[in-house]
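Q: Have a look at this fold, sequence not included:
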């Protein structure tokens, strides 16, 4: 089983067999956002980088901007989130994935936190 | 305006909120539960399915001891005809015809009991004193909590404790002990559901809330659910949907005006802004409050501009959220009359994308009051 890598912005990334990565937000992040009612994702082919917003996630009370500290290109977004944004709450590391992408530098994955490091990071917040 | 942390007050139920896993947020100077563990959507749905307990102790409770005619110098409603133990929704108006606050007025044998919004309670009390002091005694009740039990099971829950609750009429009140706690209970609320609002001594609020929560039909609900419930019910939030720049007429609240002021040989009105407001009743207002249904799930938030299909600015959103019971994005706001007819289409631009919405009648969910 492929292990997840974590960013300080509370995204998880999973490298697939073809080298692409699947990206989502962590359980901690969805808990902080609360009930998610709308997810706005970039178009396929869109570039993201260390500063641009990757996605907008709106909960009942707030608008959350998901920024990604890594550069890459979007290949596909999760089509189910259009009508079922609550999947991000229910299964953030599974059916609630946000998008698949290629990273400009796949080597950057090695610099990200593993599960244990991420849990320590969250505990320190 | 930001309130410094040391100015934050807590309600008598704060320890219970924390025990129940509430996320407390500052609201109108109080630390209030935004939500509990299950979250806003589940709390909202539970309210419409069973019963929810809301702590609304931050709201202002004001006693006005004096003649009904005095209150008619501050609100446009017919208070003289308000029967004993009957309750009425009204607004405090300004000299320019705006809404200073909305409130509930209950006629008890000793006085009129007012419930006003938390953010306005001091200025409301000052306003009442300035206008009514010559023939009324005005007292802000500081030692009472206020609970709201809302939902289709609310009457059974409270009726199990006090059988007279089953037969209490909508917009009526009673003062009586429930489980040994002296309560002033009205059959009303702000969720669109049947329910009760309970004023009780702050010192007894914790035990009473725990008693209600022991009933398996009752769950706690926070301000988040209260907001989405009232918006689905088409009800205005003071300070957001109605304020001193909006008159009751443009807010779609003309029904609060006493009929005696509208008849041809009408009684002379004494409420502030009466000439302006009554003229608006005859001639209409340029803007009106409307229900707005976006076509996609995207929330239309407060302040969002709305354009007509002609590209002209038609108005803007004052409240918007995702309505859990209608399972859709819902909003209300003010638009120019030309755009206000149900079915009229408007466009909003959110983060560079255009989103279409339709003007719809309110409420978004049918009211289920006990009538």
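A: Thanks, I have the structure now. Since the model is a prediction, treat every value here as computed from it, not as a measurement. Numbers count the residues shown, from 1 in each chain, chains lettered A, B, ... in the order given.
Q: Can you name the residue of chain B nearest to chain A?
A: With distances taken as Cβ to the nearest Cβ, chain B approaches chain A most closely at residue B:322, which sits 3.6 Å away. Every residue, glycine included, has its C-beta placed from N, CA and C.
Q: pretty sure that residue belongs to a strand, no?
A: Yes: applying DSSP: H, G, I helix; E, B strand; the rest coil, one finds residue B:322 inside a strand.
Q: What ranges does the chain have for its helices?
A: No chain was given, so I picked chain A. With helices called from DSSP state H, chain A shows them at A:27-33, A:87-90, A:115-123.
Q: that's the wrong chain, I meant chain B
A: For chain B, helices defined by DSSP H occupy the ranges B:14-19, B:40-49, B:68-71, B:121-132, B:154-161, B:202-214, B:223-232, B:274-283.
Q: What ranges in the stretch 1-150 of chain B fall below the confidence cut-off?
A: Residues of the stretch 1-150 of chain B meeting the criterion pLDDT under 70: B:1-6.
Q: Within range of chain A, give me the residues from it.
A: B:34, B:35, B:39, B:40, B:41, B:42 (Cβ under 8 Å from any Cβ of the partner chain).
Q: make it 7 Å
A: Taking Cβ under 7 Å from any Cβ of the partner chain as the criterion, the neighbours of chain A within the stretch 1-150 of chain B are B:35, B:39, B:40, B:41.
Q: Chain B - how does it break down into domains?
A: B:5-56+B:144-232, B:286-371 (automatic domain parsing).
Q: Out of these, which is the most enclosed?
A: A comparison of those by mean neighbour count, using mean count of other Cβ atoms under 10 Å in any protein chain shown, puts domain B:5-56+B:144-232 on top with a mean of 20.
Q: Work out which residue lies at the spatial centre of chain A.
A: Averaging the C-alpha coordinates of chain A gives a centre point, and the residue nearest to it by Cα atoms, centre = their mean is residue A:24 (2.6 Å).
Q: for that residue, what are its contacts?
A: Residues near residue A:24 by Cβ atoms under 7 Å, 6 or more residues apart in numbering or on different chains: A:11, A:12, A:92, A:93, A:96, A:97, A:98.
Q: Now do it against residue B:208, distance only.
A: 44 Å (Cβ to Cβ, to the nearest Å).
Q: and what of residue B:121?
A: The span separating residue B:121 from residue B:208 equals 22 Å under the rule Cβ to Cβ.
Q: residue ranges with poor pLDDT in chain A?
A: Within chain A, the ranges that satisfy pLDDT under 70 run A:1-2, A:51.
Q: interface residues of it facing chain B?
A: With the criterion set to Cβ under 7 Å from any Cβ, chain A comes near chain B through A:34, A:35, A:37, A:38, A:40, A:56, A:58, A:60, A:61, A:85.
Q: Residue B:318 is in contact with residue B:241, correct?
A: Yes: in terms of Cβ atoms under 7 Å, residue B:241 counts as a neighbour of residue B:318; the distance is 4.5 Å.
Q: can you list residues touching both of these two?
A: When contacts are counted by Cβ under 7 Å, 6+ apart, residue B:241 and residue B:318 are jointly contacted by residue B:332.
Q: where do the strands sit along chain A?
A: Along chain A, the segments classed as strands by DSSP state E run A:5-6, A:11-15, A:21-25, A:36-40, A:47-48, A:53-59, A:63-67, A:72-77, A:99-103.
Q: Let me know the angle separating the fourth one from helix B:40-49.
A: Between strand A:36-40 and helix B:40-49, the angle formed by their directions is 130 degrees, by axes from the mean of the first three to the mean of the last three Cα atoms, to 10 degrees.
Q: who does strand A:36-40 touch, helix- and strand-wise?
A: strand A:53-59, helix A:87-90 (3 or more Cβ pairs under 7 Å, 6 or more residues apart in numbering or on different chains; DSSP states H and E).
Q: ok and the residue in chain A nearest chain B?
A: Chain A approaches chain B most closely through residue A:37 (3.6 Å), counting by Cβ to the nearest Cβ.
Q: how about the nearest residue to that residue, chain neighbours excluded?
A: The shortest distance from residue A:37 to any non-neighbouring residue, by Cβ to Cβ, 6 or more residues apart in numbering or on different chains, is to residue B:322 (3.6 Å).
Q: Surely residue A:22 and residue A:96 touch.
A: No: proximity of residue A:22 to residue A:96 does not meet the contact threshold set by Cβ under 7 Å, at 11.1 Å.
Q: got a list of what the closest residue to residue B:350 other than its chain neighbours touches?
A: Nearest residue to residue B:350, sequence neighbours excluded (Cβ to Cβ, 6+ apart): residue B:298, at 6.3 Å. Shown here is residue B:298, whose contacts under the criterion Cβ under 7 Å, 6+ apart are A:38, B:329, B:350, B:355.
Q: Just the pLDDT at the residue nearest to the second one when sequence neighbours are not counted, thanks.
A: Spelled out, that is residue B:329. For residue B:329, ignoring the flanking residues on the chain, the nearest one in space by Cβ to Cβ, 6+ apart is residue B:294 at 4.3 Å. Looking at residue B:294, its pLDDT reads 98.
Q: For residue B:294, give me its contacts.
A: By Cβ under 7 Å, 6+ apart, the contact set of residue B:294 is B:300, B:329, B:331, B:355, B:357.
Q: Show me which of the residues you listed is closest to residue B:268.
A: Sorting the contacts of residue B:294 by distance to residue B:268 puts residue B:331 at the head of the list, at 38.9 Å, by Cβ to Cβ.
Q: Settle this for me: the closest one is touching residue B:319, isn't it.
A: Yes: with contacts defined as Cβ under 7 Å, residue B:331 counts as touching residue B:319 at a distance of 6.4 Å.
Q: Going by neighbour count, list what's buried in stretch A:6-19.
A: Neighbour counts using 16 or more other Cβ atoms under 10 Å in any protein chain shown place A:6, A:7, A:10, A:11, A:12, A:13, A:14, A:15 of stretch A:6-19 among the buried residues.
Q: how much space between the last one and residue B:23?
A: So that's residue A:15. Following Cβ to Cβ, the distance that separates residue A:15 from residue B:23 is 35 Å.
Q: Can you check which of the helices of chain B gets nearest to residue A:102?
A: Taking Cβ to Cβ as the criterion, helix B:40-49 is the member of these that comes nearest to residue A:102, at 34.9 Å.
Q: First-to-last residue distance for stretch A:105-121?
A: With Cα to Cα, to the nearest Å applied, stretch A:105-121 spans 24 Å between its terminal residues.
Q: And the strands in the stretch 51-200 of chain B?
A: Taking DSSP state E, counting those that start in this stretch, the strands of the stretch 51-200 of chain B run over residues B:51-55, B:60-65, B:87-93, B:99-107, B:112-116, B:137-140, B:144-150, B:173-178, B:181-186, B:195-201.
Q: Who are the packing partners of the third one?
A: Yep, that's strand B:87-93 we're talking about. The criterion is 3+ Cβ pairs under 7 Å, 6+ apart, and the helices and strands that strand B:87-93 contacts are strand B:99-107.
Q: ok, back up a step: more crowded one of residue A:22 and residue A:96?
A: Applying other Cβ atoms under 10 Å in any protein chain shown to residue A:22 and residue A:96 shows that residue A:96 carries more neighbours, namely 23 against 20.
Q: State whether the more buried one and residue A:85 are indeed in contact, as I suppose.
A: No: with contact taken as Cβ under 7 Å, residue A:96 and residue A:85 are classed as non-touching, separated by 8.5 Å.
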